[in-house]
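1. Whatever this is, show me its structure:
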Amino acid sequence: MHLALLAAAAASVWPIPQWKKLPLSQAEEKLEAPACQEFLQYMGLGVGRGTLRSDGLALIKGGTLLFSVNKEPFDEQRPHPIWSASKSVTSAMVGAAIHKGLKNPKGGTLSLEDPVSDYLQRPAAAPAEGAAAFGALKVRHLLEMGTGLQWSESYEAGIVGSNVLQMIYLSGYKDMADYVLRQPFKPEGPGKVYNYSSGDMSLVWAVLKKSCGATPGCDYDRLPWDLLFTPLGMGPGTAFEQDGAGVFVGSSYVFMSLLDMGRVGLLYMRDGMWGDKRILPEGYVKLTATPNQSYQSEGTVVRDLLSDGVYGLTWWLNAPAKDFPVGSYPSFPPDMYAALGHYGQLIVVVPSKDLVFIRTGADLEYNTKINRVGELLFPCLAQFDGGGA
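-> Predicted coordinates for the structure are as follows:
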């Protein structure tokens, strides 16, 4: 980073150690505005029943916490399951591991372009015809959801034949990476077709475990804390579960408070910097917020941008893609990108507004409502203009 940019990052407002907050009386006054009351009511944090069932939400602008609203038993600091937003946290940890210089077991340092075969072996039970495809599989493909492995990511609407349910709740939980690697490859192979898969994140953490084992002084059980949680100043309740083989469940099992989710968003807003220290490699955030190579391949067919989405490196983008000139959420600027988790866990980053929006909750269907959230969010945000925002 150039010295001028480094100085600018260091001079910015940071939650080191605590968040700078708008005075409570000032925040409460702003939230009394009709636009904010309508927003809070829709989010389920107003008077009576709202459209959504939120447990908490927070708005962070310019590094300042404008306000946070929570529903009991949750508060700003109580950890919440973030489900698939764990994938975005996992991507951050890969970036941090690369920047920290974790090793490749076969020599050199960890890289997105490393063959997965440098770290993992295929199980003997895996279909023999997938050997060539496995040899072409790179670490980058795991974060792109472009492994080429056959995978069904279905939940309540498709329990029968669901790979993800078999992996996280049934026999696959004993060794998730082994379960994933026993799946057959599609004919196209890696990098040719995007297919959203929690299984790919299990492989990411199996790779990181091997990389940590090849790195002197690396403690795998402490790795998420050493790479991200501790440098960002997260609370003691932050948790990350492992599977039966002792591998972190990077697809789903991070537990994090509302405001610590905000720390992840701010890290990305600030291009991977935290105070005067770089956590993510230069260019990593830009790569994250760009439709990935597997997604952009000819083999990826997008029929509906809202339901199919636009994917970067485990973050969902609002960018136009394929034959769609407008992103999935027109009420948000096109540079918006987000970590999305089951039941509507959200870490939304809007660089053009210097805004991070955090939400936790329990809504089975939430994706189709994100655009309406934006329609109500920005009029509320406008009430804070001139008030420290």
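2. contacts and neighbour counts: CA atoms only from here.
-> Fine.
3. quick one, strands of the stretch 101-250 of the chain?
-> For the stretch 101-250 of the chain, the strands identified by DSSP state E, counting those that start in this stretch occupy 239-240, in order along the chain.
4. what residue is smack in the middle of this protein?
-> In the chain, the C-alpha closest to the average C-alpha coordinate belongs to residue 88, at a distance of 1.9 Å (Cα atoms, centre = their mean).
5. For the stretch 1-150 of the chain, give me the ranges with low pLDDT.
-> The model of the stretch 1-150 of the chain has pLDDT under 70 over residues 1-11.
6. Give me the distance between the residue nearest to the centre of the chain and residue 220.
-> 19 Å (Cα to Cα, to the nearest Å).
7. Over to residue 58?
-> Residue 58 sits 32 Å away from residue 220, taking Cα to Cα as the criterion.
8. what does residue 175 give?
-> Distance, residue 175 to residue 220, using Cα to Cα: 16 Å.
9. Pull the number of nearby residues for residue 92.
-> Neighbours of residue 92 under the rule other Cα atoms under 10 Å: 27.
10. OK, contacts around residue 96?
-> When contacts are counted by Cα atoms under 8 Å, 6 or more residues apart in numbering, residue 96 touches 227, 228, 279, 280, 281.
11. Residue 321 too?
-> When contacts are counted by Cα under 8 Å, 6+ apart, residue 321 touches 291, 310, 327.
12. from those, which single one is nearest residue 79?
-> Closest approach to residue 79 among those (Cα to Cα): residue 310, at 28.3 Å.
13. hang on, isn't the closest one packed against residue 316?
-> Yes: contact between residue 310 and residue 316 holds when scored by Cα atoms under 8 Å: they sit 5.8 Å apart.
14. how about stretch 178-195 as CSV, C-alpha atoms only?
-> Provided in CSV are the C-alpha atoms of stretch 178-195 (Å, rounded to 0.1, in the frame of the first residue of the first chain):
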residue,chain,number,x,y,z
ASP,A,178,-13.9,-37.1,3.1
TYR,A,179,-17.6,-37.0,2.4
VAL,A,180,-17.3,-34.2,-0.1
LEU,A,181,-14.3,-35.8,-1.9
ARG,A,182,-16.3,-39.1,-2.4
GLN,A,183,-18.8,-37.2,-4.6
PRO,A,184,-18.4,-37.7,-8.4
PHE,A,185,-17.2,-34.9,-10.6
LYS,A,186,-19.3,-33.4,-13.4
PRO,A,187,-18.1,-34.0,-16.9
GLU,A,188,-17.0,-30.3,-17.2
GLY,A,189,-14.5,-30.6,-14.3
PRO,A,190,-13.2,-27.7,-12.1
GLY,A,191,-13.6,-24.1,-13.0
LYS,A,192,-16.2,-24.6,-15.7
VAL,A,193,-19.5,-24.5,-13.8
TYR,A,194,-20.5,-22.5,-10.7
ASN,A,195,-22.6,-24.6,-8.3
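15. Off-centre distance for that stretch?
-> In this view, stretch 178-195 has its centroid 22 Å away from the chain centroid, taken as Cα atoms, centre = their mean, to the nearest Å.
16. got it, and stretch 217-230?
-> Taking Cα atoms, centre = their mean, one finds the center of stretch 217-230 at 18 Å from the center of the full chain.
17. for that stretch, what is the average pLDDT?
-> Rounded to a whole number, the mean pLDDT of stretch 217-230 is 98.
18. For it, list every residue counted as buried.
-> 218, 220, 223, 224, 225, 226, 227, 228, 229 (16 or more other Cα atoms under 10 Å).
19. Skipping adjacent residues, who's closest to the fifth one in space?
-> Read that as residue 225. residue 231 (7.7 Å; Cα to Cα, 6 or more residues apart in numbering).
20. okay, now the one you found: neighbour count?
-> When neighbours are defined as other Cα under 10 Å, residue 231 has 13 of them.
21. any idea how far residue 338 is from it?
-> If you measure residue 231 against residue 338 using Cα to Cα, the figure is 22 Å.
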